[in-house]
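> with the input below, show me the fold.
(one chain, ligands or ions: 1)
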Amino acid sequence: HDKMKEDQLAKQDLDHLWHAMHKYNPDAPPMIAAHGQGAWFTDTEGNEYMDGVSGLWCLNLGHGQTEITEAAKKQMDTLAYFPLTFSHQPAIELATKLSELLGGGYRTFFSNGGSDANETAFKIARQYHKQTGNPDKYKFISRYRAYHGTTMGAMSATAQAQRRVKYDPGVPGFMHVPPPYAYRSTFENPEKDDEMAANFLEQIIIWEGEDTVAGFIMEPYISGGGVIKPQSDHYLKRVREICDKYNVLLIIDEVVSGLGRTGQLFGYMHADGVQPDMVTMAKGLTSGYLPLGATSIKNEIYEAFKNDSGDHHFRHVSTYGGHPAACAVALKNIEILERENIVGRVARLEQKILTQLKELEYNPYVGEVRDIGFLYGIELVRDKTTKEPVSDAYLGSILGACKERGLILGKNGDTVPQLANVLIIAPPLTSTEDDLQFLVDTVKEVLNSSQY
Ligand code: PMP
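Below you'll find the predicted structure:
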């Protein structure tokens, strides 16, 4: 590597780039990545790291998938850009493929990323209710701890503290319920946490007025918010029943969980027989190679938009939504997922990693180790009885020690220190078994030798 070039880049970075989720700190410039291969990348100083969070849990197939980059180039050479106010082959083929993967009967609206896909879902839900005789149904319910995106609507559904602390008021009509979270149950009987959380949702719908609630949005498993899952998949079945009972559309945010991360093609598929009204996707849809968002909608809902007697069309567009190259990349990504049986691989290796990480529950600062496929959360507490969260500084020291050993990990994304105490591990689904062992060994070594 070139030391002068490297210093120049670092200086320009400091002077011109505004980083996501980062304090300005001239003494600790962010790492500048140079190139990647598989689950690993090299920074401009020549240091090698395993990416234990797949970028932002999106780089599911890892770096260096030349079939994907070739598909993008081929598409750009053929038809560089075309809007979806008209049509093009990659979007048609991808929408068809997504419907097939979702079990049939879906049509897809394309956008640019996860926030965008959720905004699209909210607008479809409101318009759907207006066009089907329920003009007062405009509210959305989501869950505390959830992350749904960064734009005003998606942020309003995001029930994490940065919204309240920094950007409120959000969009009117968004409310929140507790997720099932047995380790820190909101309810008196943690054994019945799932059931109580679902009952709470029903209560809120009744209190708010069933004629006012348009939709309920949830990740099948809370990912960025701390890897939180119900005790059983019965929770989602109950949620489906409740949504059906009150004509509330069930929007499943599969931005992280979709396309294999959880050891099923989609996270909601862990619960037998549940069909969402809408499924939103991004990240793993293209494995991060190009930006793309998708909102797949059940055909029954689309019926309300077909009627041409009134002004029933969906007045919503984004210039780059469903970009031909991004759709071509998604198609290739799905082809590789299927061909290599990546979903089966995750399901097969998940338990092996979990068993080893679970041993960390003997560590005095590890409250609970949770997993959902290749998404692991290690909840760190200062005291196992009170469950007092560890300090931000401690969590930072763990992340720093892992980095020194060549492993990048993440943490749950809340700005209030008492809520940010979960280490997040989400390696590329194609990580080799040696990579995964390195990851497990490093995390264990760092946690077991840490001083509070
Ligand atoms: N939903 C979930 C569950 C997410 O984790 C994210 C991104 N972290 C989003 C939506 C928003 O996606 P994007 O950053 O592509 O807008």
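
> residues near the nearest residue in space to Q162 that is not next to it in sequence, how many?
Leaving aside its sequence neighbours, Q162 sits nearest to T415 (C-beta to C-beta, 6 or more residues apart in numbering; 4.4 Å). The way it works is simple: take the backbone N, C-alpha and C, and place the C-beta from them, glycine included. Using other C-beta atoms under 10 Å, T415 has 15 other residues around it.

> wasn't T415 part of a helix?
No. Counting by DSSP: H, G, I helix; E, B strand; the rest coil, T415 is not part of a helix but coil.

> hang on, V369 in a helix?
No. Applying three-state DSSP, one finds V369 to be strand, outside a helix.

> what pairs with it across the strands?
I378 (DSSP bridges).

> quick check: K166 vs the ligand, distance?
Applying C-beta to the nearest ligand atom, to the nearest Å, the value for K166 to the ligand is 17 Å.

> check G226 too.
Where the ligand is concerned, G226 sits at a distance of 12 Å (C-beta to the nearest ligand atom).

> can you classify that residue by secondary structure?
Under three-state DSSP, G226 falls in the coil class.

> so what's the backbone phi/psi at it?
Listed backbone geometry of G226 is phi 130, psi 20, with angles given as degrees, to the nearest 10.

> quick one: contacts for it?
Counting by C-beta atoms under 8 Å, 6 or more residues apart in numbering, G226 touches R145, G377, E379, N412, V422, I424.

> for C327, same thing?
Per C-beta under 8 Å, 6+ apart, neighbours of C327: Q75, H88, P90, A91, E93, L94, F110, L292.

> and for the closest residue to the last one other than its chain neighbours, the neighbour number?
Distances taken as C-beta to C-beta, 6+ apart put A326 closest to L292, at 3.9 Å, once the chain neighbours are dropped. Using other C-beta under 10 Å, A326 has 26 other residues around it.

> the strand or helix carrying A326 vs the ligand: in contact?
Using DSSP states H and E, A326 maps to helix 324-339. No. Helix 324-339 lies out of reach of the ligand by C-beta under 6 Å from any ligand atom, never closer than 12.2 Å.

> residues of the next helix or strand after that helix that come out buried?
Moving toward the C-terminus from helix 324-339, the next helix or strand (DSSP H and E) is helix 342-358. Of all the residues in helix 342-358, those buried under the rule 16 or more other C-beta atoms under 10 Å are I342, V343, R345, V346, A347, L349, E350, I353, L354, Q356, L357, K358.

> try stretch 157-174
Of the residues in stretch 157-174, those buried (16+ other C-beta under 10 Å) are A157, T158, A159, Q160, A161, Q162, R163, G170, G173, F174.

> how about stretch 385-392?
Quick answer for stretch 385-392 (16+ other C-beta under 10 Å): P389, V390, S391.

> now those residues in JSON lines, with secondary structure?
Shown next, in JSON lines, are those (three-state DSSP):
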{"residue": "P389", "secondary structure": "strand"}
{"residue": "V390", "secondary structure": "coil"}
{"residue": "S391", "secondary structure": "coil"}
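
> the ligand: which of the residues you listed is nearest?
P389 (21.1 Å; C-beta to the nearest ligand atom).

> so what's that closest one scoring on pLDDT?
In this model, P389 is scored at 95, pLDDT.

> right, and it touches P417 too?
Yes. If you go by C-beta atoms under 8 Å, P389 and P417 touch, sitting 7.4 Å apart.

> is it correct that G258 falls within a strand?
No. Per three-state DSSP, G258 lies outside any strand segment and is coil.

> so what's the backbone phi/psi at the residue lying closest to it once chain neighbours are set aside?
Nearest non-adjacent residue to G258, counting by C-beta to C-beta, 6+ apart: M281, 4.6 Å away. Note on M281: backbone dihedrals following degrees, to the nearest 10 are phi -140, psi 160.

> in helices only, show me the buried residues of stretch 157-174.
Among these, the ones falling in helices (DSSP state H) are A157, A161, Q162.
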